[in-house]
Structures are given as C-alpha cells and as structure tokens.
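In: Sequence first, then the predicted structure:
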Amino acid sequence: MPVPFSLEQQVAIAAVRRACALTTTVFNKLVAGETLVKGDKSPVTVADFSAQAVINTILSHAFPDDPIIGEEDSADLRAPTKESELLRSRVVELADEILVQPPLFFPRGVDEDEVVVGGSGERPEWGLGRRWGAEALLKAIDRGNYAGGRLGRMWTLDPIDGTKGFLRGGQYAVCLALLVDARVELGVIGCPNLPQITNDSGGDNKGALFIAVRGHGARQLPLSPSALSTQVRVNMPHLALHDLSFLESVEKAHAALDTNARVAARIGVRGAPVRMDSQAKYAALVRGDGGGGVYLRLPVAGGGKGGNGGYQEKIWDHAPGSLLVEEAGGVISDSRGRPLDFGLGRTLGENFGVVAARKEVHAQVIEAIQAVLAETEGEAEGEGTAVRTVPNFWLR
Ligand SMILES: Nc1ncnc2c1ncn2[C@@H]1O[C@H](COP(=O)(O)O)[C@@H](OP(=O)(O)O)[C@H]1O
Ligand SMILES: [Mg+2]
Ligand SMILES: [Mg+2]
Ligand SMILES: [Mg+2]
C-alpha cells in the first residue's frame, strides 16, 4: 500500500531539518557563546521567530493553500523601536542564511515497507536556494495566524517547543503536524539534543527526527540529512508497571508534578520520574527511554475552571506527539480518558491534561488519577485551606 501524504512528509522533514540546523546554530553562537547575560531570553526569541519563518516559507511555497497554526507572530518584530529593529534584522539574517542553501538531493529508495529512505529530496520550488528579505519573512511568520477549527486541511507548528530546555542546553523540539478535519494525519518532531540511540550520552549520536503517518506507523531517522538516513520503525515496548517511570515536564508551572508522584505511588511505579522539556518526551516515551512508559501532564492548581491559572494546552504542543504515540502502539487522552480534540481552534480547550501510555497501563493511570484527585479533594475539604489540584466538577 503506498504511504499517503508522501510529498507532505518530504516537505515536513526538509522544513524541520532546516529549522533544527538554524536553532542549533543559534544555540552554539548565542547561548553557548556566552554572549548571553543571565535571564536574557533573546536567543530563544530570535530562534523561535526565525525557525517559524523558515518552516512557514517552505510550507507556503510547497502548499500555498494550506493554512498554518503557528505559535509565533511577527508583532514584536514590527514595532518601531531600536530593539525590534535589531531583533528583526537578526531573524531575517538567520532565516535567509538557512533558506538560501541550495536544495539537497539524495536519490530516494524505498524499503520493504515501501517507506522512503535516503534523501530529503528537497526542491527549489519550496522556496529554497534564495534569500527572501524582511517583508516576505515577516509575512511568512504571520501565515501562522490561522485560527484552526474542525474542518479542512491545516498545519500546526511549534518552531521551538521547550524554550526553557533550549536555553538550558537540554531537550527541545521543532514540531510540525498536518491536520485534516481535526485529525492529525502526519507528525514530524526534530530533536537536536536527543541521542539517536536510547541511553547513549550523545556525541555524534545526537539529533533524532521522528515521523508518524496515520495508519502507517512511527519512525525515527537521523536529524542530519544523508543518503543513508534509513528510517527505523518505532514501537512502544511493553513494560511492567514496576519497571517503568513517568515522563514529565521539568517546569513545575507546566504540570502538577506532586500529583504525578502520588499517581505513580498508587499504581506501584517505582522508578524516579524522568523530567524532560518539550515533545522530546513523546519521543522518549515511544522508544521506552529510561523506562519511561507513561507521559503524564496534569494541570497545576488554581485558576478556577480548568485549573492551571486558566491555561489551555496549545494544539502545537501535542499534535505531532499524539500521532507518534498512537502510531507506536500507545494511547493518548486527557486525564479523564477523553480523546484530545484538535478541532477546537488553537487550543485543546478545557481538556485537563494529557496522559499517554500503552493501552493496559493507560487505563490504570486514568483510574489512579481519578482516585488521587478524589483523595486530594477530600483533604482539601477536611483541612479547609489545602490547595486544590482541580475544581470539583472535574471529578464528575
Ligand atoms: N501553565 C502552563 N501549563 C501547561 N503548559 C504550559 C504552561 N505554560 C506554558 N506551557 C507550555 O508548555 C510548553 C513546554 O512544555 P514542557 O513543559 O513539556 O516542556 C511550552 O511550549 P513552548 O516552550 O513552545 O512555549 C508552552 O506552550
Ligand atoms: Mg511548545
Ligand atoms: Mg514554542
Ligand atoms: Mg512559547
């Protein structure tokens, strides 16, 4: 059976690879180069904008009719201030430096699964091999302003997911997904700092790219393009409960890590949690890295309806990761076991967190979450002052 969306796959892989080359350059030049004063967020800002400019330029040339839901917009680059002007010129220079590189061509082969192996087969008509300049690149960034919705074909992009991880020199990911009628059909995740081989410390082995096509499995390939970049299939390993660990955010503000610990204890998970920024967690999950058998992201306390200060998860933070999980043999839902809805617009609405795991484990985790939350609720009522993890109606 021919693999669907094969042109989309080629374009998405090329776009994510080029964006990862850009973010790696920015990190080496600006973050590791110690031009950074502590707390300065500018490198990540520069990298976010320019990576979105690169990917949107490529997408809008390859698929001019497809709308894009991207995390960033160009407002900060258009302000009539010196700072904004400086930021703009750095973004334009970086993006053009990547786009001007001539299209790579590797002869393409097909493996026994009829999966494309080898080159990224880039084409000049994808906007490659030339510079675009400020106006075109700012416009490209703003192609990401689409509101999303239930119907039609659209892309969703997180040019750098895990901005905190990026600045730490830790995990971050360039994430792109194609949605058709609110269903993720294709997901590509570039992880420049993730070893290609599990449990390897990095070195030459660093830089992995993950691709999932609905109905056609999940695959990994090296992030750097080469004629030999064969795709290998990824299947989530079966892990016994006591052998696995929870994968969770590094940032306490992004997930209720204390609740995770209680859920883990309740189902007998002994391994210490594995903390990692970004959708690299989904990649680690599907490979079973470090015993990671469950990705758990529960909203933190407060904020009334939905908790988490009213924070709503963004579709670009989960779209490609969710398909990766499903195609690697796992299940993903919110913490009540409901499917994630990518048709609500730019956010997942009031979805109450994300739980991903193999099927058997997934059901147990959902049950344990409900039990732990009921307990928390009881404690909160008993003590009167304790912080509530979630509002009452979550438990209905
Ligand atoms: N209060 C909050 N709760 C949950 N997620 C949040 C959050 N505030 C920001 N985020 C999202 O968490 C993402 C990072 O997730 P993780 O903690 O898994 O690394 C961020 O992506 P960006 O880094 O692209 O902005 C951001 O979209
Ligand atoms: Mg993100
Ligand atoms: Mg981001
Ligand atoms: Mg962000």
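Out: Yep, it's here. Ligands and ions are numbered 1, 2, ... in the order given.
In: what's the first-to-last distance across stretch 265-283?
Out: One end of stretch 265-283 to the other measures 24 Å (CA to CA, to the nearest Å).
In: go on, stretch 140-156?
Out: Start to finish, the residues bounding stretch 140-156 are 14 Å apart (CA to CA).
In: Centre of the chain to it, how far?
Out: Centroid separation for stretch 140-156 versus its chain: 16 Å, with CA atoms, centre = their mean, to the nearest Å.
In: For it, buried residues please.
Out: Neighbour counts using 16 or more other CB atoms under 10 Å place 140-144, 146, 148-149, 154-156 of stretch 140-156 among the buried residues. C-beta here means a position set from N, CA and C on the backbone, and glycine is covered the same way.
In: And for stretch 217-226?
Out: Under the neighbour-count criterion of 16+ other CB under 10 Å, stretch 217-226 has 217-225 buried.
In: So I369: helix, strand or coil?
Out: The assignment at I369 comes out as helix when based on DSSP: H, G, I helix; E, B strand; the rest coil.
In: what sits against the nearest residue to it once chain neighbours are set aside?
Out: Nearest residue to I369, sequence neighbours excluded (CB to CB, 6 or more residues apart in numbering): S335, at 5.0 Å. Taking CB atoms under 8 Å, 6 or more residues apart in numbering, we find S335 in contact with 298, 352-355, 366, 369.
In: what are the phi and psi angles of the residue in the chain that ligand 2 sits nearest to?
Out: Residue nearest to ligand 2 within the chain (CB to the ion): D161, separated by 3.5 Å. Main-chain torsions, D161, degrees, to the nearest 10: phi -100, psi 130.
In: my guess is it contacts Y282, does it?
Out: No. In this structure, D161 is not within contact of Y282 by CB atoms under 8 Å, at 10.1 Å.
In: What does the pLDDT read for E383?
Out: Each residue has a pLDDT score; the one for E383 is 51.
In: Ok, G121 next?
Out: In this prediction, G121 carries a pLDDT score of 79.
In: Touching, it and Q10? I think so.
Out: Yes. Using CB under 8 Å, G121 is in contact with Q10, at 5.4 Å.
In: Skip ahead from the worst-scoring helix or strand of the chain on mean pLDDT and say which helix or strand is next.
Out: Least confident helix or strand, the chain: strand 116-118 with a mean of 51, by mean pLDDT, DSSP states H and E. Downstream of strand 116-118, the first helix or strand assigned by DSSP states H and E is helix 133-142.
In: if we can go back for a sec, any idea how far L373 is from the residue nearest to I369?
Out: Applying CB to CB, to the nearest Å, the value for S335 to L373 is 8 Å.
In: Then G290?
Out: G290 sits at a distance of 27 Å from L373 (criterion: CB to CB).
In: higher neighbour count, the two?
Out: Comparing G290 with L373 by neighbour count (other CB atoms under 10 Å), the higher total belongs to L373, at 23 against 17.
In: Show me which residues of the strand or helix carrying that one are buried.
Out: Assigned by DSSP H and E, L373 belongs to helix 359-383. For helix 359-383, burial by neighbour count (16+ other CB under 10 Å) applies to 361-362, 364-366, 368-370, 372-373, 376-377, 380.
In: Is it possible to get JSON lines of the residues you listed that adds pLDDT and distance to ligand 1?
Out: Shown next, in JSON lines, are the buried residues of helix 359-383 (pLDDT from 0 to 100; distance: CB to the nearest ligand atom, whole Å):
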{"residue": "V361", "pLDDT": "94", "distance to ligand 1": "20"}
{"residue": "H362", "pLDDT": "96", "distance to ligand 1": "19"}
{"residue": "Q364", "pLDDT": "95", "distance to ligand 1": "22"}
{"residue": "V365", "pLDDT": "96", "distance to ligand 1": "17"}
{"residue": "I366", "pLDDT": "97", "distance to ligand 1": "19"}
{"residue": "A368", "pLDDT": "97", "distance to ligand 1": "21"}
{"residue": "I369", "pLDDT": "97", "distance to ligand 1": "16"}
{"residue": "Q370", "pLDDT": "96", "distance to ligand 1": "20"}
{"residue": "V372", "pLDDT": "96", "distance to ligand 1": "19"}
{"residue": "L373", "pLDDT": "93", "distance to ligand 1": "17"}
{"residue": "T376", "pLDDT": "83", "distance to ligand 1": "18"}
{"residue": "E377", "pLDDT": "80", "distance to ligand 1": "21"}
{"residue": "A380", "pLDDT": "63", "distance to ligand 1": "20"}
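In: Perfect, that will be all.
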